[in-house]
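Visitor: No sequence on hand, only this structure:
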């Protein structure tokens, strides 16, 4: 079933005799879900959920082709037939669910990880790594042949696993891109110099794969567009290279990602970057290729974005990765004309790239079932055997998700919120620059509550007696947290209370974002967490015209945002707005017209003039309730159990709803 709202996006296409039911690809990404190098139940259920959700084609977890290309501890075993039988258990259900499934093959070349591979990084010319501080090994001709054979063996193994094709990885300045790029290919033999020589490696390995795997085997080519650094291949050069490969007739599609190891924040673009980042190149490639289809990736978040890309002739396929992590049923809902029911990705990177960057298996801040499909039954809900009456107190992330998931299972849910809007502190985060996708998520929850019959009360604070008297079978307390009234700092533990707090002019980030704080012209933001609560508030205040100084105990501003690859972008925005950075300092005291800060390195002190001080320190749980309410099951979730990041509140909300 298709809908007139997205007719081109939902139209089928055929590759090598394989019918792809729509133009939506769940593109390759490292989900890091292997078990001792083998795919297991976590990965199988994760991919199957997206197939059940309607994705047309799924490109599976990149598999390293060689011992010198291992990049994460969650990678599949390289050069081992041991992966075949377990992968057959992955590919079979995905195909039965109607999706085409491909496996990506990769080697990172110079940009390896010695901690994981315990091997030199192999590259065309021995150039330095942009992943770690190591150099790389310039391959001999015999070693080049070894890697060609490794790619071939990986492809034939993928076919035995049940994959319908492979995607050859030449993106982000990986091994193949290093061969293509004159800056990183300084060779003077048959593998360097001219365009023909620099593309010899990729053309040869693709020819070998086609000969070995046959005419019905899909071969894709993944490239990337990274205009930030001139040493990267630019659009004209990429068009020439793709045309050369397309002329062979062996490449069936070309996927275009964004960024590179030199411009890493573009590879998984956070909300700090724009959307539809690769269409300037994909549109040009469409005019170049004669055989291959073109896939646009990076910043394609919604069906609306995707439809405009396909309808405008900018690409033939779209890769929506984080969008289908956030809502694995994005394609099915689009096909059914229910795009408004799609839970939109907020481009935060906190639990997808944020967990992967720390070498854990990935998940999702707003969809905690991601990575837990095998435990939780996917992003779907089993009706409760005995529906209960549920009272949820507090409509922040934990309460919202608890109310929704309980109602999805058929429980009768009442949600009570003291404020005039839902979302709690998370809604305030949506008021920071470029974070309006969070507000969109709040609107989504309200639509879901209307669909599910959740009774929502706003502007209502329930006291202990009212909760006790409520006829609910289950009370879920999700009342969140409040700023520390003493503004205590973790790295000045001897100060039980900020000196000078009683002078006034000291505020919380929540008060600043709600515009309740009377800050004056010059503002100090003490950012203890190094995340969006402090850094995003500083950005918002700078945008409002305040002269802002960030003081942080960390070595650099936004240190917790490093895991999301957004820290560099936000520091750039802050610097451009004139924000001063004072790192590795604490606030020794507030004077009403400025603060004395102390260096943790030298002990020296400095007084910074300011008319307001915003203290982004650790919140305190708001839990004035009795341990239990007589006759009711009582649960505490989210910040009222312990103040943490929003991801854990959504997780506990979902878990509570599933457990009723």
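Guide: Received, thanks. Bear in mind that the values here come from a model prediction, so they are computed numbers and not experimental data.
Visitor: all helices for the stretch 101-250 of the chain, in order.
Guide: With DSSP state H, counting those that start in this stretch, the ranges of helices along the stretch 101-250 of the chain come out as 114-117, 141-161, 175-180, 195-198, 200-213, 235-246.
Visitor: The stretch 451-600 of the chain now?
Guide: 464-469, 509-513, 532-543, 567-576.
Visitor: Quick check: buried residues in the helix-or-strand element of the chain with minimal mean pLDDT?
Guide: Scoring the helices and strands of the chain by mean pLDDT, DSSP states H and E places helix 114-117 at the bottom, with a mean of 84. Buried residues in helix 114-117, defined by neighbour count with 16 or more other CB atoms under 10 Å: residue 117. For the C-beta atoms, the positions are set from N, CA and C on the backbone; glycine is no exception.
Visitor: how far is that helix from where the chain is centred?
Guide: Centroid separation for helix 114-117 versus its chain: 24 Å, with CA atoms, centre = their mean, to the nearest Å.
Visitor: re the thing from before, pick the most deeply packed of the helices of the stretch 101-250 of the chain.
Guide: Mean neighbours per residue, mean count of other CB atoms under 10 Å, is largest over those for helix 175-180, with a mean of 26.
Visitor: tell me which strands and helices it is in contact with?
Guide: Under the contact criterion of 3 or more CB pairs under 8 Å, 6 or more residues apart in numbering; DSSP states H and E, helix 175-180 touches strand 122-123, helix 200-213.
Visitor: average model confidence for it?
Guide: Here helix 175-180 scores 98 as its mean pLDDT.
Visitor: Which residues does it contact?
Guide: With contacts defined as CB atoms under 8 Å, 6 or more residues apart in numbering, helix 175-180 is touched by 69, 106-110, 122-125, 127, 147, 168-171, 184-185, 191-192, 198-202, 223-224, 233, 237, 241, 260.
Visitor: Go ahead and confirm residue 401 touches residue 648.
Guide: No - under the criterion of CB atoms under 8 Å, residue 401 is not in contact with residue 648, lying 11.1 Å apart.
Visitor: More neighbours: the two, which one.
Guide: Higher neighbour count among residue 401 and residue 648: residue 401, with 27 against 20, using other CB atoms under 10 Å.
Visitor: The strand or helix carrying that one: what's the following helix or strand?
Guide: Here residue 401 is covered by helix 397-408, with elements defined by DSSP states H and E. Later in the chain than helix 397-408, the nearest helix or strand by DSSP H and E is strand 412-416.
Visitor: and the next element down the chain from that following strand?
Guide: Next along from strand 412-416, by DSSP H and E: helix 424-429.
Visitor: That next one: how far from the chain's middle?
Guide: Relative to its chain's centre, helix 424-429 lies at 19 Å (CA atoms, centre = their mean).
Visitor: ditto for stretch 374-385
Guide: Distance, stretch centre to chain centre, for stretch 374-385: 24 Å (CA atoms, centre = their mean).
Visitor: what's the answer for stretch 558-571, then?
Guide: On the basis of CA atoms, centre = their mean, stretch 558-571 sits 13 Å off its chain's mean C-alpha point.
Visitor: Straight-line length of it, end to end?
Guide: One end of stretch 558-571 to the other measures 7 Å (CA to CA, to the nearest Å).
Visitor: pLDDT below threshold where in the stretch 351-500 of the chain?
Guide: Of all residues in the stretch 351-500 of the chain, none has pLDDT under 70.
Visitor: can we see that at 90?
Guide: 356-359 (pLDDT under 90).
Visitor: Show the model's pLDDT score for residue 265.
Guide: 83.
Visitor: Which pLDDT does the model give the residue lying closest to it once chain neighbours are set aside?
Guide: The spatial neighbour of residue 265 that comes closest, neighbours along the chain excluded (CB to CB, 6 or more residues apart in numbering), is residue 565 at 4.7 Å. Predicted confidence (pLDDT) for residue 565: 90.
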